[in-house]
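Chemist: here are the coordinates; sequence isn't available:
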C-alpha cells in the first residue's frame, strides 16, 4: 500500500498537516501508536471521569474576523469556521511572586492588554515607560533574525526593565508555557510567547481538548484522510538518503513519498536507525512536570477564586529547571477551566496544578512505590499552590496525577520532555530527503504553535517535487 505522505503522530501538528495534505488531494495517513489521539494534548478516563492533558489554555486568542492573526490564518488554512471552536475567553489570569520579605506580588492580565499595562503601573510605577519600550521591541512571529534566536531573553529584558522583580515576573508565564531550556529562552521565542499570552490572550474551547480534537479529526476524514490508531512506527525506511516508507510495530510496511514526523528530533533519528542518544545528550530536553487534576465539589468562584490561571513562584528566583528533588513545589501553574467565560458551567469543576519534576527519579521508581510517591509529591505541591489560590484539598472529591514517566510513555519524548529538545530544527529539515519534522522540535509550541507547524511544513512539501527536502 503506497501513500503520498505518512504522518507520525496524531497530535495537533500531525492532524493539521494531515488536513492540509488531504485538502490538496494527497493520499495521506496519520499513524498513531496509542488508542487515543492528541499526543501531549489529549484526554483519558479514570474513575468514570474524563481528564485532560496538555491544554491549560489555547493562546493567540482572536475574535472572529480579526485579520492577520495566527488563529485566523490557521482556521482559514484548515477551512474551519471560527464559531466551530466555541472559544471561551479567560476571565483574568495572574502571575504571582513571593518576595524574600514574605510579600506576594500579584500581576493580573486578561485578553485586554490594558489590564496588564495598568498592573505594571500599579506594582512598578517607575517601569511603565520601560515596559512600553519592551512591548514595542518584541520580535514578531515572522522575520526574527538569527541574532534574535541567539540572544538571551533575560539579557534583553534587562535593556528595558530595571526592577529585577518585574523582570522575573515577566519571564514566568512565557517560560512555563513553552521554553525547552532551563531558566531562559531566546529573545525570538520570548517575543512569540509574550505576544501569544499577553498581546492576544487565552481561551479554551467549550468541551475542552476532546472537542477540539474531534473537530480536527472530522475535518481530516472529511477530506479523505486515513487515521490509523494503534499503529506505532518502529522504523523509517530509507535508501540512498531518501525516504521510502515506514515499518510499523507489527512488522508491516507502508510505502510513501514523504514522512512528516512529530515524534521529536532525537526520537525521529532513532527511527531512522541512528544510535539511540544517551540520557546525557544535550539534545534531550530536561524539563518535565508532575501534574495533579483535582475534581472539586463546587466551582472555584464559589470558593472566592475567579482567576483562570495562576503562574507562581514562591521566591524571587523563579526555578524553571529540572529539580534535584522529585518535584519542585516552589513554582508552578494552577489552572481552573471553570473560570473561563463558559456558556455552560462544567458539571464537575476541577483544578489542575503543575510543577517541574525530576524525570530520573520517577523513571527509576518501582511499581510498588510509584503510587504512594505520587500521592506524597502531589500533597507537597498543593501545600504551596493553595497559598496562591484557594483550599483545593478540602473540596476535592477525586484526583488523578501523572509524572514525567507517564509523559514519556504516551508522547514518546525522551526524558518526558514536554517541550521537546532545546535544539530546534526551525526549517523542519532532516538528513533524509522526504523526511521532515513537525511539532515541538520544529520550534513551535502550544496548541496554536503545533498546528501552525504542521500547516507550514505541509504547505512547503506541496510545493516541492516528490522525494524533495520535505
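Modeler: Perfect, I can see it now. It should be emphasised that the depicted structure is a prediction, and the values quoted were computed from it without experimental measurement.
Chemist: residue 291 and residue 27: what is the separation?
Modeler: The gap separating residue 291 from residue 27 is 38 Å, by Cβ to Cβ, to the nearest Å. For every residue, glycine as well, the C-beta is placed using N, CA and C.
Chemist: these two: who's more crowded?
Modeler: Set residue 291 next to residue 27 and count neighbours by other Cβ atoms under 10 Å: residue 291 wins out with 26 against 17.
Chemist: correct me, but that one touches residue 401?
Modeler: Yes: applying Cβ atoms under 8 Å, one finds residue 291 in contact with residue 401, separated by 6.2 Å.
Chemist: for the closest residue to residue 329 other than its chain neighbours, give me its contacts.
Modeler: Excluding the flanking residues, the one nearest residue 329 by Cβ to Cβ, 6 or more residues apart in numbering is residue 384, at 4.5 Å. Shown in contact with residue 384 (Cβ atoms under 8 Å, 6 or more residues apart in numbering): 312, 314, 329, 330, 332.
Chemist: mind putting those in a markdown table, secondary structure and pLDDT included?
Modeler: Shown next, in a markdown table, are those (DSSP: H, G, I helix; E, B strand; the rest coil; pLDDT from 0 to 100):
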| residue | secondary structure | pLDDT |
| --- | --- | --- |
| 312 | strand | 98 |
| 314 | coil | 98 |
| 329 | coil | 97 |
| 330 | coil | 97 |
| 332 | strand | 98 |
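Chemist: how far does stretch 411-420 sit from its chain's centre?
Modeler: 11 Å (Cα atoms, centre = their mean, to the nearest Å).
Chemist: need the contact partners of that stretch.
Modeler: 9, 33, 39-40, 178-180, 263-267, 277, 279, 284-289, 357, 359, 362-363, 403-408, 439-441, 445.
Chemist: what is the neighbour count of the residue lying closest to residue 11 once chain neighbours are set aside?
Modeler: Once flanking residues are discounted, residue 11 sits nearest to residue 39: 2.8 Å by Cβ to Cβ, 6+ apart. By the measure other Cβ under 10 Å, the count of residues near residue 39 is 28.
Chemist: need the contact list for residue 39.
Modeler: 9, 10, 11, 12, 14, 54, 262, 410, 411, 439.
Chemist: nearest to residue 190 among those residues?
Modeler: Of all these, residue 439 has the smallest distance to residue 190: 20.2 Å, by Cβ to Cβ.
Chemist: give the contact list for the closest one.
Modeler: Residue 439 neighbours (Cβ under 8 Å, 6+ apart): 9, 11, 12, 13, 14, 39, 262, 264, 420, 450, 453, 454.
Chemist: in strands, which of these appear?
Modeler: If you go by DSSP state E, the contacts of residue 439 have nothing in strands.
Chemist: which of those are buried?
Modeler: Using 16 or more other Cβ atoms under 10 Å as the burial test, these include 9, 11, 12, 13, 14, 39, 262, 264, 420, 450, 453, 454 as buried.
Chemist: and the pLDDT for the second one?
Modeler: It refers to residue 11. At residue 11, the model reports a pLDDT of 94.
Chemist: ok, it touching residue 260?
Modeler: No: if you go by Cβ under 8 Å, residue 11 and residue 260 don't touch, sitting 11.5 Å apart.
Chemist: tally of neighbours for residue 142?
Modeler: 6.
Chemist: and it, what helix or strand is that in?
Modeler: Using DSSP states H and E, residue 142 maps to neither a helix nor a strand.
Chemist: list the buried ones in stretch 104-119?
Modeler: 105, 106, 107, 108, 109, 110, 111, 115, 116, 117, 119.
Chemist: picking that back up, that's a helix at the residue nearest to residue 329, yeah?
Modeler: Yes: according to DSSP: H, G, I helix; E, B strand; the rest coil, residue 384 belongs to a helix.
Chemist: just the helices in the stretch 151-300 of the chain please.
Modeler: 153-157, 164-178, 187-194, 208-222, 265-271 (DSSP state H, counting those that start in this stretch).
Chemist: and residue 129, which of the ones you listed is closest to it?
Modeler: helix 164-178 (12.5 Å).
Chemist: which parts of the closest one are buried?
Modeler: 165-178.
Chemist: got the angle between the strand or helix carrying residue 116 and helix 164-178?
Modeler: Assigned by DSSP H and E, residue 116 falls within helix 113-123. Interaxial angle, helix 113-123 versus helix 164-178 (axes from the mean of the first three to the mean of the last three Cα atoms, to 10 degrees): 150 degrees.
Chemist: sounds good, over and out.
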